[in-house]
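Asks: here are the coordinates; sequence isn't available:
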């Protein structure tokens, strides 16, 4: 919290808030009218309702290198290339009761590279945190509906890039869709964040942000499209921005729901033309 | 495990009675409607006491029941405004007001969708996840509303908020 927040909290605590004269009496009357009863307090979590499954039986084969013979031969000569062969569901978490539902699939990349190991560890940590938050939210309120669905997908599996996307949907009355995207450069066996694509001294963030803003304004100019973005609140693209390269090799920037657009727009993506950034690449 | 009794429930209600009325007023402009909604929420909450998962979560739990009641009232009735409320706003925004604006007067001038999250955060000390649960909103939606509400309060109260 910043100073302004602290000051507002202080004022909220200290400034008098007048209640209507008869209000306390009405509260008292409502309480007095209640009949005596006893309800046993619940445990914080009903853990027995959680079910967990482990890999083998649920293994889902996702990606197979689909290359021409010369390309496959070339691939074998590069040590780290081809070390990723598939992604399996390492673990599933499911939960169900009257008010809450969760279905979480934790992915695991099968491969010998260190990048795969790093992604696996992070994906495990990330999904664990989502599950813990879900349990905490469930404990907070009784009547509220809580939902959590986590799935994954291999977005790209090219000669250079292997991209794993973990999608989450948190549901209360409305949904909140968000994702975490891992990009592995097969040629270096490194997990590459967005800033890792560009030269150190380049202003890649401005170049990409300008292009995103340009596309937002262009789309909103067509009033009949019903498109809306929070252009005034858009603070720009940062190093931890979700991105991937699509099947045509285009750079795509992916934004979580509500971050740059109203909920009616869902999670939005912008495909960036190479001309906007290619001279900035490493 | 402890038992939740009428005495325990009544104690919790009394302890949170200001929070209940204040939250109701962020949604309902009419004082009578807000008092009615609080009374109805107390009865509804007691009837569904078995849905309270932990005694510690009483406040967000009953505030959620209350806000649902308030939204029901909004849907049922046409908006009406107390004369005293009009005077408050006129004092807050006009040039004749001799005293500085109170925080609550500034909160009352916020747009409808910002008033309740701001009140739950600053007055009721709920965290963002609890506000999400009370208002059935996603975390980014709550954060966005708090961000906008904060900016608006800064504008209304001045940079220092004094």
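Replies: Ah, there it is. All of these numbers come straight from a predicted model, not from anything done at the bench. Numbers count the residues shown, from 1 in each chain, chains lettered A, B, ... in the order given.
Asks: going forward, measure contacts between C-alpha atoms and count neighbours the same way
Replies: Will do.
Asks: And the contacts of stretch A:241-248?
Replies: Contact partners of stretch A:241-248, identified using C-alpha atoms under 8 Å, 6 or more residues apart in numbering or on different chains, comprise A:155-156, A:158, A:161, A:163, A:179-181, A:183, A:193-194, A:251-255.
Asks: ranking those residues by neighbours, who comes first?
Replies: residue A:183 (25 neighbours; other C-alpha atoms under 10 Å in any protein chain shown).
Asks: For that one, give the beta-bridge partners.
Replies: Beta-bridge partners recorded for residue A:183 (DSSP bridges): residue A:163.
Asks: still on that earlier bit, between the contacts of stretch A:241-248, which sits nearest chain B?
Replies: Nearest to chain B among those is residue A:255, at 11.9 Å by C-alpha to the nearest C-alpha.
Asks: separation between the nearest residue to residue B:3 once chain neighbours are set aside and residue B:50?
Replies: Distances taken as C-alpha to C-alpha, 6 or more residues apart in numbering or on different chains put residue A:40 closest to residue B:3, at 4.4 Å, once the chain neighbours are dropped. Using C-alpha to C-alpha, to the nearest Å, we find residue A:40 at a distance of 8 Å from residue B:50.
Asks: overlap in contacts of the two?
Replies: Common neighbours of residue A:40 and residue B:50, counting by C-alpha under 8 Å, 6+ apart, are absent.
Asks: Next, the contact list for residue B:40, please.
Replies: When contacts are counted by C-alpha under 8 Å, 6+ apart, residue B:40 touches residue B:69.
Asks: pLDDT on whichever strand or helix holds it, on average?
Replies: In the assignment (DSSP states H and E), residue B:40 maps to helix B:31-47. Across helix B:31-47, the average pLDDT comes to 94.
Asks: Please apply the same query to stretch B:148-162.
Replies: 82.
Asks: Give me the distance from it to the chain's centre.
Replies: Distance, stretch centre to chain centre, for stretch B:148-162: 19 Å (C-alpha atoms, centre = their mean, to the nearest Å).
Asks: Now do the domain split for chain A, please.
Replies: Split into domains by automatic domain parsing, chain A comes to A:48-192, A:196-282.
Asks: Output those domains as a markdown table; include the columns distance to residue B:23 and mean pLDDT.
Replies: A markdown table is the format used below for the domains of chain A (distance: least, C-alpha to C-alpha, whole Å; pLDDT from 0 to 100):
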| stretch | distance to residue B:23 | mean pLDDT |
| --- | --- | --- |
| domain A:48-192 | 17 | 75 |
| domain A:196-282 | 25 | 90 |
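Asks: Of these, which stretch is the most buried?
Replies: Counting by mean count of other C-alpha atoms under 10 Å in any protein chain shown, domain A:48-192 has the highest mean neighbour count of the domains of chain A, with a mean of 18.
Asks: Residue A:159 contacts residue A:185, doesn't it?
Replies: No: Residue A:159 lies out of contact with residue A:185 (C-alpha atoms under 8 Å); the separation is 9.1 Å.
Asks: Okay, residue A:107 and residue A:9: tell me how far apart.
Replies: For residue A:107 relative to residue A:9 (C-alpha to C-alpha), the value is 42 Å.
Asks: Could you measure from the nearest residue in space to residue A:180 that is not next to it in sequence over to residue A:237?
Replies: Nearest in space to residue A:180, with sequence neighbours left out and distances taken as C-alpha to C-alpha, 6+ apart, is residue A:166 at 5.2 Å. Going from residue A:166 to residue A:237 by C-alpha to C-alpha gives 20 Å.
Asks: Spit out the contact partners of the nearest residue to residue A:191 once chain neighbours are set aside.
Replies: Excluding the flanking residues, the one nearest residue A:191 by C-alpha to C-alpha, 6+ apart is residue A:184, at 4.4 Å. Taking C-alpha under 8 Å, 6+ apart, we find residue A:184 in contact with A:115-116, A:161-163, A:190-192.
Asks: any chance you could map the strands in the stretch 51-200 of chain A?
Replies: Ranges of strands in the stretch 51-200 of chain A, per DSSP state E, counting those that start in this stretch, are A:51-54, A:84-96, A:100-111, A:146-157, A:161-171, A:175-185, A:190-191.
Asks: Show me the one of those that comes nearest residue B:22.
Replies: With respect to residue B:22, and counting by C-alpha to C-alpha, the nearest of the strands of the stretch 51-200 of chain A is strand A:146-157 at 26.2 Å.
Asks: Could you tell me which strands sit next to the closest one in the sheet, and their orientation?
Replies: Strand pairing for strand A:146-157, determined by DSSP bridges: strand A:100-111 (parallel), strand A:161-171 (antiparallel).
Asks: starting at the chain centroid, how far to that strand?
Replies: Relative to the centre of its chain, strand A:146-157 is centred 9 Å away, using C-alpha atoms, centre = their mean.
Asks: Report the angle between that strand and strand A:175-185.
Replies: Relative orientation of strand A:146-157 versus strand A:175-185 (axes from the mean of the first three to the mean of the last three C-alpha atoms, to 10 degrees): 30 degrees.
Asks: can you list the domain ranges for chain B.
Replies: Looking at automatic domain parsing, the domains of chain B come to B:1-80, B:82-162.
Asks: how much space between residue B:157 and chain A?
Replies: In this view, residue B:157 and chain A are 10 Å apart by C-alpha to the nearest C-alpha, to the nearest Å.
Asks: From what I see, that residue and residue B:101 are in contact.
Replies: Yes: with contacts counted by C-alpha under 8 Å, residue B:157 reaches residue B:101, the gap being 7.0 Å.
Asks: in chain B, which helix or strand is least confident?
Replies: helix B:83-93 (a mean of 47; mean pLDDT, DSSP states H and E).
Asks: Wondering if stretch B:125-134 reaches chain A at all.
Replies: Yes: against chain A, stretch B:125-134 shows contacts by C-alpha under 8 Å from any C-alpha of the partner chain at B:129-130, B:133.
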